[in-house]
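[1] Mind looking at a prediction? Sequence and model below.
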Amino acid sequence: MKIKIQMFGAFRVLGQEVELDLPEAAIVSDLRVALQPKVSGMELDELLALSKFANVRVVLADTASLDATEVLAILPPVSGG
Amino acid sequence: MKIKIQMFGAFRVLGQEVELDLPEAAIVSDLRVALQPKVSGMELDELLALSKFANVRVVLADTASLDATEVLAILPPVSGG
Amino acid sequence: MSIHVEVRDTEKQVLDPSEALAFVDAPGNGAGALFVGAVRDFNQGRSVKGVSYDVFAPLAEQSFAEICAEAQTKWGENLRLFVVHGKGRLGIGGLSIVIAAGSPHRGEAFSACRYVIEEIKSRSPVWKQEHYVDGDSEWVKGHALCGHD
Amino acid sequence: MSIHVEVRDTEKQVLDPSEALAFVDAPGNGAGALFVGAVRDFNQGRSVKGVSYDVFAPLAEQSFAEICAEAQTKWGENLRLFVVHGKGRLGIGGLSIVIAAGSPHRGEAFSACRYVIEEIKSRSPVWKQEHYVDGDSEWVKGHALCGHD
């Protein structure tokens, strides 16, 4: 399935969003694996390991299943306020 | 010496200020004694015992001497803010 | 000056939080904490329609300045502080006190703002007379002061 | 509603503390505590000229609402809360966040206001890119989030 992920914070260098092609049974942690090649050597490696994924309502557990119809976002470590 | 004391809070019922006639050697605690007759039976008795006296800079110790040239005030328990 | 203290006749000019925040703002300050005290419509089981504040102004301003200086000693010289206390009669919602603290980081701003209001409540020569809906009025029981030599 | 939460494009409309205080005011509330976060001219040894805030708005507003609801559980249903977080670029002194808490007594207002800013800093999807006087820019290192099932 095709999954679009909105980029935030330091991941903005990859654009507004990134599209990934994943198997139907893919789970949240597979997003991290699939993004890996796009960030390698960009100092984003470490940040990717620390990042979570979310839909518009909740931060997703790594074991959660994916819904390609949802808005998804990568959430690197936060620094708001 | 004649001492004028500005009234505040519940002591406003006695007016803007009260003038007392005290011996030259009088100290701060004598103010409380001299005010006693003016407040007896007015529910201010207890409040007088809890009150302090001050000039424009500091709250005065009961043992401090009096300076008739200074602005003096009675300070019942405070409730500001 | 990094400290502003004032007793103000609220019947002439109301207290203004914006003024307090503007004073404590500075290019190096990332945090501002503000406290406002307002007249409530209900206290200790009675319906209130207003409160009169009586203040021994020179000593009150002196006490505010001392309290602010203590806060700077505790939380840093970078701290900017603004205190204005009302004097006179206020209706429900009327502001009786505005305190603002500005500092590089939020911990200091919060702590200083809280310190200033707590100390004012226990140390400053201010008295509150509540006016009730039933027509009665009463001076609020307060905190006895400590004398110093 | 006793809670207002919002992510706002500060290039269109700046954050306004007065609006926050007005929202948390109520006849029964005697205390208002406010926090403002502003862009500082200096951070971690570097001279800053501005900060860009990036926000995942729907989830940020959701997190603000959850945090405010938690505060009401802790400090009372009478608590009124206002949170607005900026999104976009701000210069020095520009306001990035305004939080206000109104309650009958000051303890609750202070505690709730502090709770909300601390939780937002550690839980809400907001990122800060500092722009330095030397022309460089950098995303500020942050707090890793926890995932929930």
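    Cool, got the structure. Numbers count the residues shown, from 1 in each chain, chains lettered A, B, ... in the order given.
[2] Now do the closest residue to chain D within chain A against chain B, distance only.
    As assessed by Cβ to the nearest Cβ, chain D sits closest to A:Gly80 within chain A, at 2.6 Å. (Each C-beta comes from the backbone N, C-alpha and C, glycine too.) For A:Gly80, the distance to chain B (Cβ to the nearest Cβ, to the nearest Å) stands at 32 Å.
[3] Surely that residue touches D:Lys121?
    Yes - contact criterion Cβ atoms under 8 Å: A:Gly80 and D:Lys121 qualify, at 6.2 Å.
[4] ok, the residue nearest the centre of chain C - contacts?
    For chain C, C:Ile97 is the residue whose C-alpha lies nearest the centre (Cα atoms, centre = their mean; 3.7 Å). When contacts are counted by Cβ atoms under 8 Å, 6 or more residues apart in numbering or on different chains, C:Ile97 touches B:80-81, C:15, C:35-37, C:83-86, C:117, C:120.
[5] Is the lowest-mean-pLDDT helix or strand in chain C positioned near chain B?
    The weakest-scoring helix or strand in chain C, judged by mean pLDDT, DSSP states H and E, is strand C:42-43 (a mean of 94). No - shown here: strand C:42-43 not in contact with chain B (Cβ under 8 Å from any Cβ of the partner chain), separated by at least 11.1 Å.
[6] That strand packs against which elements?
    Using 3 or more Cβ pairs under 8 Å, 6 or more residues apart in numbering or on different chains; DSSP states H and E, no helix or strand is in contact with strand C:42-43.
[7] who does that strand pair up with?
    According to DSSP bridges, strand C:42-43 has the following sheet partners: strand C:46-55 (antiparallel).
[8] So which bits of stretch C:50-69 are buried?
    For stretch C:50-69, the buried set under the neighbour-count rule, 16 or more other Cβ atoms under 10 Å in any protein chain shown, comprises C:50-64, C:66-68.
[9] And the strands in the chain?
    Just going to use chain A. Using DSSP state E, the strands assigned to chain A run over residues A:2-6, A:17-21, A:52-54, A:59-60, A:72-75.
[10] Please refer instead to chain C.
    Using DSSP E, the strands found in chain C span residues C:3-9, C:31-38, C:42-43, C:46-55, C:80-91, C:95-103, C:126-132, C:137-139.
[11] How many residues are close by C:Gly107?
    14 (other Cβ atoms under 10 Å in any protein chain shown).
[12] hmm, I was thinking of A:Ser51
    When neighbours are defined as other Cβ under 10 Å, A:Ser51 has 22 of them.
[13] Kindly report the same for A:Pro37.
    A count of nearby residues for A:Pro37, using other Cβ under 10 Å, gives 7.
[14] same question, C:Val133
    The number of residues packed near C:Val133 is 12, by other Cβ under 10 Å.
[15] mind listing what it touches?
    Residues in contact with C:Val133, defined by Cβ under 8 Å, 6+ apart, are C:46-49.
[16] I'd like these laid out as a markdown table, including pLDDT and neighbour count.
    Listed next are these as a markdown table, based on pLDDT from 0 to 100; neighbours: other Cβ atoms under 10 Å in any protein chain shown:
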| residue | pLDDT | neighbour count |
| --- | --- | --- |
| C:Arg46 | 96 | 13 |
| C:Ser47 | 97 | 11 |
| C:Val48 | 97 | 19 |
| C:Lys49 | 97 | 15 |
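[17] Which of those sits closest to chain A?
    Closest to chain A out of those is C:Val48 (36.6 Å), distances taken as Cβ to the nearest Cβ.
[18] That closest one reaches C:Tyr132, doesn't it?
    Yes - the criterion here is Cβ under 8 Å, and C:Val48 meets it with C:Tyr132 at 6.0 Å.
[19] What's opposite the residue nearest to the centre of chain C in the beta bridge?
    With DSSP bridges as the criterion, C:Ile97 is bridged to C:Gly37, C:His85.
[20] low-confidence ranges in chain A?
    Along chain A, segments meeting pLDDT under 70 are nowhere present.
[21] near chain D, which residues of chain A?
    Within chain A, the positions near chain D by Cβ under 8 Å from any Cβ are A:6, A:8-10, A:12, A:28, A:50-52, A:54-64, A:71, A:73, A:75-81.
[22] at 7 Å what do you get?
    Contact residues, chain A versus chain D (Cβ under 7 Å from any Cβ of the partner chain): A:6, A:8-10, A:12, A:50, A:52, A:54, A:56-62, A:64, A:73, A:75-81.
[23] which of the residues you listed are buried?
    With burial judged by 16+ other Cβ under 10 Å, the buried subset of the residues of chain A next to chain D is A:6, A:8-10, A:12, A:52, A:54, A:56, A:59-60, A:64, A:73, A:75-81.
[24] separation between the residue of chain A closest to chain D and A:Leu60?
    According to Cβ to Cβ, to the nearest Å, A:Gly80 and A:Leu60 sit 19 Å apart.
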